[in-house]
Every structure is written in C-alpha cells, then in structure tokens.
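# below is the structure, and that's it, no one-letter string:
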C-alpha cells in the first residue's frame, strides 16, 4: 500500500547547522508530496510541496526535491535557527483525494 | 490562510466515560473534515472523513460506534470517544481542505486524550 517512511528523531542541532530530514515513499501512482511543520502548541501547517517528479518545493529557507528515481523527498535547510524547532511531517496524497498519508514525524530541536 | 481551532487541547478522563472533541473552522465553511489519530512514534492515521449533513465515512478497522463523528454545520465537526478505555489514549487531530482545492490541508492544534 501507499506509505511514507521518515527519518526517526529526535534531531538536535546547533544554530546555523545544516539540516537534512530523510523521507521516502511507496506509492502505486504519482503522488503529490508535502512537508508539514508543527510548532509547539499549534496545528500542522504546510511548509512546502511538490506535485511532480523533479519539482523543488521551497519555503522559509527549506527545500525538498521530488525524486522519482529514488522515491524520496528529503527536507533540507542550509542554516537552521532556534525558531525552526518543531516537528516535521512528510506526507503524500493523490490528485483528486484530499486525505494525506503521513510519516511518523521528526522532532527538531535547534540550540543556540 | 484558513484557520481551524480544536478543543480541548488535552483531556484526562476515567475509563468508561465519553469525551467530545470539537473542531471549528474559523473563517470559512468546511464541508469536509478529516479526523486523524496518532500513537506515540507512529504516523498520523486517518480515522474517518465527515461531510456536512451526511454520515461520516470510517476507515477500515475504526469502530464507528466508539468514535462518533458529527458534522452538523459548516463550521463545526465533533468526535466523541464513547466508553473510553486506556487503549483509546492518543493524539487526535482534525483537518479540512479549506475553500480552495490546492491539495493543502488545514489542521487543528490536536487533542491529547489520556484515559485512566
């Protein structure tokens, strides 16, 4: 079935460090891929998305590229800030369907 | 963007009691609401889809008599965990597609239920 496998956390980084959170997926078709972020005390919110192979989603310094050959959508940021501390969820959905398949979430803590 | 408010954010109850979780869309009309559940260190799992004015559609393995979903208005959907047991302790989250078909979902803050 369709699923998302996400790097287990927690991840702790120093400020300005490079971040990578791995995400791979299994799907029978051609899904859209998403990264959602949940800041403390808030609901999940969309961070970035990509709808087809080789698309790159980007927002707030974060990037992820839809790699069909490796079925991956790894999240990267060149220099993290304390305010990036949150839980990050990788997810997929199919065109015409609104529900998402989520990864387990990765908790990121950035220390000054 | 769309705003979804979920209440309560956490609740502790005794085994055998029922708990109601509310999910409100604050600035738009939500015709569809998704309810998710997350166990520790596991993925968010879709429990059911509710549509305003009709019966909810439950995912396989979800007991509809235990998890009662009501979507009586365009701004409110509720999930009631009936006769709760410790194994129902979990994190419950609602979400809605919003008013634009962008593929994005808008989420509530989540409700952590602990059943003693």
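Nice, thanks for sending it over. Predicted model, so just to flag it, every value in this text is computed and none were measured.

# so the worst-scoring helix or strand of chain A on mean pLDDT, near chain B or not?
Least confident helix or strand of chain A, by mean pLDDT, DSSP states H and E, is strand A:101-102 with a mean of 88. Yes - applying Cβ under 8 Å from any Cβ of the partner chain, one finds strand A:101-102 touching chain B at A:101-102. For every residue, glycine as well, the C-beta is placed using N, CA and C.

# helices or strands up against that strand?
Here strand A:101-102 touches strand A:3-6, strand A:86-93, going by 3 or more Cβ pairs under 8 Å, 6 or more residues apart in numbering or on different chains; DSSP states H and E.

# now the last one: average pLDDT?
Read it as strand A:86-93. The average of the pLDDT scores along strand A:86-93 is 93.

# residue contacts, the residue lying closest to residue A:75 once chain neighbours are set aside?
If the residues on either side of it in the chain are set aside, residue A:75 comes closest to residue A:21, at 4.4 Å by Cβ to Cβ, 6 or more residues apart in numbering or on different chains. Residues near residue A:21 by Cβ atoms under 8 Å, 6 or more residues apart in numbering or on different chains: A:6-7, A:11, A:74-76, A:88, A:90, A:106, A:108.

# need the residues you listed in CSV with neighbour count, can you?
Formatted as CSV, the contacts of residue A:21 follow (neighbours: other Cβ atoms under 10 Å in any protein chain shown):
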residue, neighbour count
A:6, 24
A:7, 17
A:11, 18
A:74, 18
A:75, 24
A:76, 15
A:88, 25
A:90, 30
A:106, 21
A:108, 20
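
# residue 68: neighbouring residues, count only.
If you meant another chain, say so; for now it's chain A. Residue A:68 has 10 neighbours, counted by other Cβ atoms under 10 Å in any protein chain shown.

# not quite, I wanted chain B
Per other Cβ under 10 Å, the neighbour tally for residue B:68 reads 16.

# show me the contacts for it.
B:79-80, B:82.

# at 6 Å instead, please
Residues near residue B:68 by Cβ atoms under 6 Å, 6 or more residues apart in numbering or on different chains: residue B:80.

# ditto for residue A:78
The contact partners of residue A:78, taken as Cβ under 6 Å, 6+ apart, are residue A:18.

# and the gap between it and chain B?
Between residue A:78 and chain B the distance is 25 Å, computed by Cβ to the nearest Cβ, to the nearest Å.

# so which other helices or strands are in contact with the helix-or-strand element of chain B with minimal mean pLDDT?
Within chain B, no helix or strand scores below strand B:106-107, which has a mean of 86 by mean pLDDT, DSSP H and E. Using 3 or more Cβ pairs under 6 Å, 6 or more residues apart in numbering or on different chains; DSSP states H and E, the elements in contact with strand B:106-107 are strand B:90-96.
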